[in-house]
Every structure is written in structure tokens, then in C-alpha cells.
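>>> have a look; sequence and predicted model below, questions after that.
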Amino acid sequence: MPLNFKSYDTENFYDELIDSAGQPRTGARILVERIESLPDGDILARQKAAEVAMYNMGITFTVYGSDEGTEKIFPFDIVPRIVEAHDWKYIERGLKQRIHALNLFIDDIYHDQKILKDKAIPAEIILSATSFRPQCVGLDVPRGIWCHITGTDLVRDSDGQHYVLEDNLRCPSGVSYVLENRQILKRTLPLAFEASRVRAVDDYPARLLETLQYLAPDHVSSPTVVVLTPGMYNSAYFEHSFLAQQMGVELVEGSDLVVMDGFVHMRTTRGFQRVDVIYRRIDDDFIDPKAFRADSVLGVPGLIDVYRSGRVALANAPGTGIGDDKAVYAYLPQIVQYYLGEDMILPNVPTYICADKKEREYVLANLDKLVVKATNESGGYGMLVGPHSTKAQQAEFAGLIRNNPRNYIAQPTLALSRAPVLMEDHFEGRHIDLRPYILYGKDIYVMPGGLTRVALKKGSLVVNSSQGGGSKDTWVLSE
Amino acid sequence: MLSRVANSIYWMSRYLERAENVARFIDVNLNLTLDMPVEIGEQWAPLVNITGDFELFNKRYRVPTRENVLHFLTFDRENPNSILSCVRHARENARSVREIISSEMWEQANHFYLLVKDAAKNKSVIENHTEFYRAVKMQSHLFDGITEATMSHGEAWHFLQVGELLERADKTSRILDVKYFILLPEAQAVGTAIDNIQWAALLKSASALEMYRKHFKQIDPFKVADFLILNREFPRSVLSCLDRAALSLHAITGSSLDAFSNKAEQGLGRLLGDLNYTQIDEIIHGGLHEFLDGLQNRLNWIDDAIYETYFTLRPLTGNNTHLTQEQ
């Protein structure tokens, strides 16, 4: 039986490709027609070929906790997700506003803390955050930019409205999959790709390099940029080496760098060479044992001192974690209003702050309906999805929240939008989210595309790769 | 380039070359065994001897049966020089320099590893060994070809060459040494048909039989040694490998071939000088096995010198520790 969408059931969820009447949405028409016109078994063969290509190319991530047989390909679904031009325009405006405000916020928090003095948001939320770095107080970062690279997670509810689920200001990963997924889709569905007028994402590495070079000290005419990785056993190592290769810069590990005479140098076969800009993919905690965790062997001793003196630039700046703390997130509407005098364009998911007594009572009474998240965790860890949880899990979280209310927030369980996923011989709907990438250099650039993550387990709402999620190519259409 | 990266590239190619040559060792022994008179029986201990891992083998297996030795040299994860370990190390090194090598090279290193890893799970491989060891050699050749055709011949490529060529020189000398350890039925068998068949099998394992015949026609032990050590044109001979290794080493620093600018160039230059002015008769007279032993020691010395010269740059301030790979 040739593959088609006739029997595809959206089950009352908002589906990104097919409307509630079972018809393809405007932007998806070409794609759906093309897929339905393929000979029997063809699309499955293309899906398999794509997986083999990924495995051979070693586009894998490492699963922690076992031996070398544990590299997995990030599961990939061949049916792209489509974002129409008018939707994208809205998302782009919203993201630019958000990043602009967040950057001003971080700068203020590490300087005058005007927003706290004006009581626009409660000071104790900030000062009690573990992501607040006292080491960064008074730091003047190059060009006043803290968050150069951001990956913001968006979701869409059953009414079609987009919400920001979380901001990721600490070296978000995943962009390499966006670029690789695109390469593979161009090969597997070239005709539909061309006819749909999809916007290009391929210049991301060039733009990233520009963003990084922009940070170099003024007197350096051709800055040396490097990507700093924790090493090949890190789960995102593929991405680190991919980005270094695409930008044509060195991929360094902590032990390749040394602080000498007030500058950062790398060890080369011809001696020491000065480094001007570091795109670091190592967390604040591990980046400099002299400034942060003393037991870190991944970092570069003395790096932060050189950074303070303006002789090397870091992207993202240390301390940006305060901007994506989940409790701070709840105050984003106030933050945007305070710095920009504007209403926030892209709404947050309604959020209950457990540190607030009244909201905490509500959360504790409704654990079976809410999603509870630890404010300082990411990657789907430390999380309770109420409707899918057992009584015992709910009781456990009730205890956790009572013990440390500051550490938790809760949100209503959204009916995340879905998209069709290929299941051998038919399509089934799976929940998805979207992570666009934003670069902040001379101006703010939103890459037209992003990582569409898929919760491959039927009915699951957790899209993180560490929790069995996969990905799709994201086609943002031209106007 | 980064010292760490140079080190990884050097070891990536060394390990791939090593995997290929372990397959060659096994191949030579399998061939020799086939032609051995039944009353002598199979000899597998010599194979472990020449790899230099005899102690480890004894600790883990005790009896050098065919099965034990093949497993030890092919799939044993605890043996750092088994084919599986070599391709795993090579791939790990390749993975750490992916942004330096071409994506085709990485894919081939990855593919090579996956092939051996899958074979390790398949019990029938040791029985149908010929195909497998052949595949290992071909995978390595494929990697060399891809490298030649897709990688710029710059500094990184030169480090890759040095690693590969030093490893090959060392292993060719060891293949030649296999014959030393293999017992003949009786002392007077030297120069007999059996002896000649064995020398031919040995040449075959170094992929040298056809080229040898073009050069010397008749099989003769002295001439085989001459060909594998001192021939200038055969790409697996010790002298040819070292000649080219020197070219690459000097290309890295830009110093001229008749001078040296560091310890590694000095050591290699001196060894080349010796080989250039040595006759095979002298080698045989002094004892072939002793000569090969000395050669291997000098190659190790050069490897150490390369490590010191290029891979361990020490800052004037601060202190850092370095990781070194297993020889």
C-alpha cells in the first residue's frame, strides 16, 4: 500500500502539517503531495539510508555510563516540520525582543541591579539563585554582550499559540543537528525542498564566526578564534568538532591552553600562539579552577583573570545562567517591560513559583495536573510530568518542593503540538517542540530554522535526546 | 597546529598501520603453517614473540594454541595491540581530530572500526579467517588512498606520514623476524624446498612477492632480507619507509635534509646514514635477528624524540601534565 496521510489521525491535537479536517496546511501541501506520490516503500528506504549515513558519518552523541558501544545516532525523522512565513515573522520578532531584554537584564544584575532596587522583580529570587555568580559582579564584558549564542525552546499549544518554554543562555547545543539534518533532507527530498521555497540555514557557521570575531579586543586585526571543548567523551563532542571545522578554527581542550604573561596561548607544534576569542562549550563551573570549581581538570587556570583584563573574549560570558534560571523566567514579562517599555511579544507558559506561598499551595494541590521542574536543571532531568506520574512520584516531589521551594516551579501540562512521524508503513503524530538559535553580535540574528525535537515515544511529552527524543528538519518558508 | 592534534594524527595513522600489520603477521604464520610438514605441528608462540607482548599473553592464556593466539592478536580488548584495540585507538584519535582530517577519512576510520567490532561478535570469523584478515588489510589501504586523495599535504599530513612510515618500518622488520623464530624440521633444511617456500610465504605477507621476483627472480634468504630492509623502491622496505619519513619530518620544520634541527631529525638521519652505507652481507654476518632488534630499538628512540620535540610543549609558567599513548 503506498504511503499516504488519508488515515492519519490528529487526535484533536494541533498538528503542524495536517489541519483538523485532515487536509495538509497551506505550506505543507507540496511536501504531502510529494510524499504521497513516491513509490511504495520509497520513503522508508530513504529514512533508512539517512540513518546509515548518520551512523557512518559518526553523527552521534555519547550516552553516559557505559563503554564505547554507547554512541547512538540522534534519532531522526524524515518528514520535515514546516513553519510558515507569517508564523516565523512573529517568532523572530519575539525572540529578538526577548534576547535584547535578557542581555540588558544580565548586565544590570552584575552591575547596578537597578531592576531590584526599583522592585520590579523580587530581589531574593535573584540573590538566592545558584546561577548567580558573585565572581561576575562588576564585570565589563566585550561590547556589553553577555549572551552571544542562545537556543530558546518554543512549544505550541492546542490553540496554535506559540509559547517560550525556556531560555538557554549557557552554550545551548543542537545546532549541528540542524545543519546535518538539512544536508540529509536536501538529498532525500530534493524536489519538495526546492518547490517549497525553504529558507537557508547553511550560513550559520559563517555568522557564528562573525559574531565571535566581533568580540575580539580592538587592537587585534585578525583575531584567533577557538572552540573550547571538554573533550571527545562529552555528549556534544560531535557538535564542537563540527562547528570548529565549519568555521575553520582550532578545536581546543583545556590542556591545549595556557595562561602566560597575561594572555591565553595554545600549545602548537611551533610554540605558543595567542588566542583572542574562545567559544567555550564548558560550563562556568569548570572553566577556570582558580575562579570557579577548584577540582576542575577541564578548564584553564587563570583564564577568568585574562578575561577580566579584556585580553581574551569568552562566548557566552560567564554568569549568563542567571538569565535562564527557571524562576527568573517567570518574571520575563516584567523584565521586558522594565528595560524596553514594551509588552512581551512571545508569551511564557504560565508559571507557578513554588517560593511564593500561595502559588506553592496551588502546586501541591494539583501535582497530578502540572509539570514540575527544578529551576537549575536542564535536559529533562529533575522533572515531574503530573498526568503521567504515579502517586509515589507525586509524593516524592511534594516532599522536594516543601524542603526547597526556591528550587521548583510548575506549569500546566500543555497539549504540545504534534507532527507526523514515519512508523515503518504509516504515519503517527508525535509531540514536538522547536529550538531556534539566536546570535547576538553587531545585531541580533535569528537563524530561520531550528531544531525540531520529537518525543518519539507514543504520547510522551519529553523531547530531550537524553530521554529518548529525536529530531526533524525544520523548514521555514519564504514569504 | 596544536601539539595535541599533531599527536593524535600521528597515533591515528600508527594504529591503523599497526592493525594492518598484525593482520599481515597472522597471515604469514597461517601461510607458513600450511606448508609445514605435519610432524612439526603448528607454531603459534613465535607470533606472540615478535609482537613483543609475550608476557601479557602468558598472563592471560598460558598455552599458545592457534585459537588463543588468534584471539589475543585479533579481538582481545585487554591486549592494547590487538587489531580491535588498534582500530579502536585509531578511531578515538581520529574522532579527536575530526575537524582536521577530511570527512571521508573519518568515515573510513569509523567504518573500519565498526567492521572489526562487528566481526568480534561473530564466532565464525576466526575459522574463516582469510577473508577477515584480507578485509583488514584492504580497509587500511582504503584509508591510505582516501588520505592521499582528500587531505592537503600540509603539516598534519606530514605527521600522519611519519607515524605511518615509522610503524611500517618497524613491522616489516618484525615480519622478517618471524622466520627467525620458526623452527625448521632440521638444521640442514636451510636452503631446501621447504625453506624456500617459507621465504616466499613471508614475502607474500609483506605484499612483496611479485616485486621481489621482478628484482631478484630466485628466492634466496639473503636477498629476501636485502629486499625487505635495504630496497629503495619497494614501499614497505625499511629503508624506503625511513627515507620518506625523513622527508616528512624535515618538511615539518623546513630544515634541509643534510642537517638537523632537533633530536628526532638527528636520530632518523643517523639511522638512515647507517642503512645507506650498509651491505646485506654485513647484516647477515652480524646476525639478522640481532640487527632487527637493534633497528627496532632505534625506531623507538626516534619515536620518543618526536614526542619530546613536538607533543610536549611546556610553558614557562604554570604546570601541566600530559597524557601519552601506549607504544
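Good, I have the coordinates. Numbering: from 1, shown residues only, chains lettered A, B, ... in the order given.
>>> only C-alpha atoms for contact and neighbour calcs from this point on.
Will do.
>>> three-state assignment of A:Val372?
strand (DSSP: H, G, I helix; E, B strand; the rest coil).
>>> list the contacts of A:Leu257.
Counting by Cα atoms under 8 Å, 6 or more residues apart in numbering or on different chains, A:Leu257 makes contact with A:Val264, A:His265, A:Met266, A:Arg267, A:Val300.
>>> let's go with 10 Å and repeat that
Residues in contact with A:Leu257 (Cα atoms under 10 Å, 6 or more residues apart in numbering or on different chains) are A:228, A:264-268, A:272-275, A:299-301, A:303, B:2, B:315, B:320.
>>> just give me the neighbour total for residue 179.
Looking at chain A here, since you left the chain open. Neighbour count of A:Leu179, defined by other Cα atoms under 10 Å in any protein chain shown: 21.
>>> nope, chain B please
Around B:Lys179 there are 21 residues (other Cα under 10 Å).
>>> please, which helix or strand holds it?
helix B:155-181 (DSSP states H and E).
>>> quick revisit: filter the contacts of A:Leu257 down to the buried ones.
Among these, those scoring as buried are A:228, A:264-268, A:272-275, A:299-301, A:303, B:2, B:315 (criterion: 16 or more other Cα atoms under 10 Å in any protein chain shown).
>>> tell me who's in contact with the nearest residue to B:Leu271 once chain neighbours are set aside.
What sits nearest to B:Leu271 in space, not counting adjacent residues and going by Cα to Cα, 6 or more residues apart in numbering or on different chains, is B:Arg298, at 7.6 Å. By Cα under 10 Å, 6+ apart, the residues touching B:Arg298 are B:Asp170, B:Gly267, B:Leu268, B:Arg270, B:Leu271, B:Leu292, B:Asp304.
>>> only whichever of those are buried, select them in PyMOL.
The buried residues among these can be selected in PyMOL (16+ other Cα under 10 Å) with this line:
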select buried, chain B and resi 170+267+268+271+292
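>>> would you verify that A:Gly321 is located in a helix?
Yes: using three-state DSSP, the assignment for A:Gly321 is a helix.
>>> so it makes contact with A:Phe132?
Yes: using Cα atoms under 10 Å, A:Gly321 and A:Phe132 qualify as a contacting pair, with a distance of 7.1 Å.
>>> show me the contacts for the closest residue in space to B:Ser237 that isn't next to it in sequence.
Ranked by Cα to Cα, 6+ apart and with sequence neighbours excluded, the top spatial neighbour of B:Ser237 is B:Leu228, at 4.5 Å. Contacts here follow Cα under 10 Å, 6+ apart; on that basis B:Leu228 touches B:169, B:172-173, B:175-176, B:203, B:206, B:208, B:212, B:234-240.
>>> where in the stretch 151-300 of chain B is pLDDT low?
Within the stretch 151-300 of chain B, the stretches with pLDDT under 70 are B:182-191.
>>> again, 50 this time
Filtered on pLDDT under 50, the stretch 151-300 of chain B yields no residues whatsoever.
>>> write out the residues of it neighbouring chain A.
B:Glu155, B:Ile252, B:Thr253 (Cα under 10 Å from any Cα of the partner chain).
>>> show me which of those are buried.
Using 16+ other Cα under 10 Å, the buried ones in those are B:Glu155, B:Ile252.
>>> between the buried ones among the contacts of A:Leu257, which is closest to A:Gly459?
Comparing the buried ones among the contacts of A:Leu257 against A:Gly459 with Cα to Cα picks out A:Leu228 as the nearest, at 37.9 Å.
>>> which SS class is that closest one?
Put simply, A:Leu228 is strand when judged by three-state DSSP.
>>> just give the nearest non-adjacent residue to the residue in the stretch 251-400 of chain A that chain B sits nearest to, would you?
Proximity of the stretch 251-400 of chain A to chain B (Cα to the nearest Cα) peaks at A:Thr268, 3.9 Å away. In this structure, A:Thr268 finds its nearest non-sequential neighbour in B:Leu2, 3.9 Å apart by Cα to Cα, 6+ apart.
>>> about what we covered before: secondary structure class for the residue nearest to B:Leu271?
The three-state label given to B:Arg298 by three-state DSSP is helix.
>>> hang on, the earlier thing: among the contacts of A:Leu257, which are in strands?
Mapping those onto strands (DSSP state E) picks out A:Leu228, A:Val264, A:His265, A:Met266, A:Arg267, A:Thr268, A:Phe272, A:Gln273, A:Arg274.
>>> now the fourth one: how far from B:Met1?
Read that as A:Met266. 9 Å (Cα to Cα, to the nearest Å).
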